[in-house]
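Chemist: the following block contains a protein sequence and its predicted model.
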Amino acid sequence: MRVIYSEDHKLRDARTELHAGQLVTPFEAPFRAEWILAAVKEAGFADVVAPDAHGLETARKVHDPAYLDFLATVWDRWVAAGFTGEAIANSFAVRRTSQRVPDNIVGAIGHYANAADTSITKGSYEAAIASMRCAITGADWLNAGNRFAFALCRPPGHHAGIDLFGGYCFINNSGVAAQRLLDRGARKVAVLDVDFHHGNGTQDLFYRRGDVFTASLHGDPMHAFPYFLGHADEEGEGEGAGANRNYPMLPGTPWDIWSSALADALTRIKAFGAEAIVVALGVDTFERDPISFFSLTSDDFTRMGAMISAAGLPVLACMEGGYGVPEIGLNVANVLKGLEA
Ligand SMILES: NCCCNCCCCCC(O)(O)C(F)(F)F
Ligand SMILES: [Zn+2]
């Protein structure tokens, strides 16, 4: 198992997150990656490398290039406007509004935001690029004929849509990795999202494409972020019809229910003809995660890895969510153990 990690994740160190009507210390903080890195090394996954310095060529195939340009410049534009706080969207291009991008930076950030929980700060973009590079480097490890890789991505990516950031995400790491696998010869790949939250960004990227199967197991959006996508009747459109599958589940969902959804998703991924699986690996399905409501135990994460491995395909796991409790490291390490079992 090759692990790809970049110290540059530390450049993403926002001071604020809008949560419950207050600006709090972000849940998605640098310690997460440090705890996870220590735990996977402790578990014996010590083949840790820095990412290759990939550019935006692959990302531009799944994200709107104008959106990527926005990410690269938003902080400088925010500061140039004279603002002293962190860049937070507070006015959004909602239903029945113009989709023109305002010249004003407050308008522009609202055009590209799908949530107000994600403050943009100095270094956020550079960290997002490093995170994307981890995912691409992991995809290339598979492209070189290896079976497993773990990209310790931070910031996460699965809420980043074609031209949308939010939910702590800026560039869709697992989506870029899927594209990289296709660019290097795969005809069909799958993105399997096991994070507690629906992979709305990943669904957006591939909803109209027939070469990437997207499956997500998550808290029912009627009750959980991202709220506005992730229902079971969203099955893809056009060339992507039938290539998207959502498994929304209710508060308190335990392993036996959750794993039956995983079994169905893996069956469909195999039937689709995927040649590799990119796993959007969040461990916020853990029973003690502070912002989620499933009931998986640490041992369930080992079972999760084993089930995914049994599909018999190459697997790249890209780190997504998982918060606040020391077990996030153990739970990630258990998935990797399960994969290699
Ligand atoms: N303010 C706390 C309430 C939840 N609001 C935002 C939730 C974002 C979840 C992010 C994630 O865990 O899905 C990712 F994997 F992307 F990191
Ligand atoms: Zn999550």
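Modeler: Structure's in. What do you need? Residues are numbered from 1 along each chain as shown. Ligands and ions are numbered 1, 2, ... in the order given.
Chemist: close to ligand 1: what parts of the chain are there?
Modeler: 17, 19, 27-28, 117, 156, 158-159, 167-169, 195, 197, 225, 282, 284, 291, 320-321 (C-beta under 6 Å from any ligand atom). (C-beta placed from N, C-alpha, C; glycine too.)
Chemist: separation between the closest residue to ligand 2 within the chain and residue 255?
Modeler: When scored by C-beta to the ion, the chain has residue 321 as its residue closest to ligand 2, at 2.9 Å. Noted for residue 321: a distance of 18 Å to residue 255, by C-beta to C-beta, to the nearest Å.
Chemist: more neighbours, the two?
Modeler: Set residue 321 next to residue 255 and count neighbours by other C-beta atoms under 10 Å: residue 321 wins out with 26 against 19.
Chemist: dihedrals phi and psi, that one?
Modeler: Residue 321 adopts backbone torsions of phi -100, psi -170, taken as degrees, to the nearest 10.
Chemist: count the neighbours of residue 246 for me.
Modeler: Neighbour count of residue 246, defined by other C-beta under 10 Å: 25.
Chemist: am I right that it falls within a helix?
Modeler: No - assessed with DSSP: H, G, I helix; E, B strand; the rest coil, residue 246 is strand; it does not lie in a helix.
Chemist: check which helix or strand covers residue 129.
Modeler: For residue 129, the enclosing helix or strand under DSSP states H and E is helix 124-143.
Chemist: quick check: what element follows that helix along the chain?
Modeler: Sequence-wise, the next helix or strand downstream of helix 124-143 (DSSP H and E) is strand 148-151.
Chemist: and the helix or strand just after that following strand, what does it pack against?
Modeler: Scanning forward in sequence from strand 148-151 by DSSP H and E, the next helix or strand is helix 173-183. Judged by 3 or more C-beta pairs under 8 Å, 6 or more residues apart in numbering; DSSP states H and E, helix 173-183 is in contact with helix 124-143, strand 189-193, helix 200-206, strand 277-281, strand 315-319.
Chemist: give me whichever of those is most buried.
Modeler: strand 315-319 (a mean of 31; mean count of other C-beta atoms under 10 Å).
Chemist: quick one: distance of it to the chain centre.
Modeler: 10 Å (C-alpha atoms, centre = their mean, to the nearest Å).
Chemist: which outside residues touch it?
Modeler: 33, 36, 134-135, 138-139, 141-142, 147-154, 156-157, 173-174, 177, 181, 276-282, 308-309, 332, 335-336, 339 (C-beta atoms under 8 Å, 6 or more residues apart in numbering).
Chemist: swap in stretch 59-71?
Modeler: The contact list for stretch 59-71 (C-beta under 8 Å, 6+ apart) reads 56, 101, 108, 112, 125, 128, 132, 160, 162-165, 170-172, 175-176, 178-179, 183, 205-206.
Chemist: can you pull the contacts of the residue sitting furthest away from the middle of the chain?
Modeler: Here the chain reaches farthest from its C-alpha mean at residue 82, the gap being 32.0 Å by C-alpha atoms, centre = their mean. By C-beta under 8 Å, 6+ apart, residue 82 lies in contact with nothing.
Chemist: pretty sure it belongs to a helix, no?
Modeler: No - under three-state DSSP, residue 82 falls outside any helix and is assigned coil.
Chemist: correct me if wrong: the residue of the chain closest to ligand 2 contacts residue 193.
Modeler: No - proximity of residue 321 to residue 193 does not meet the contact threshold set by C-beta atoms under 8 Å, at 10.4 Å.
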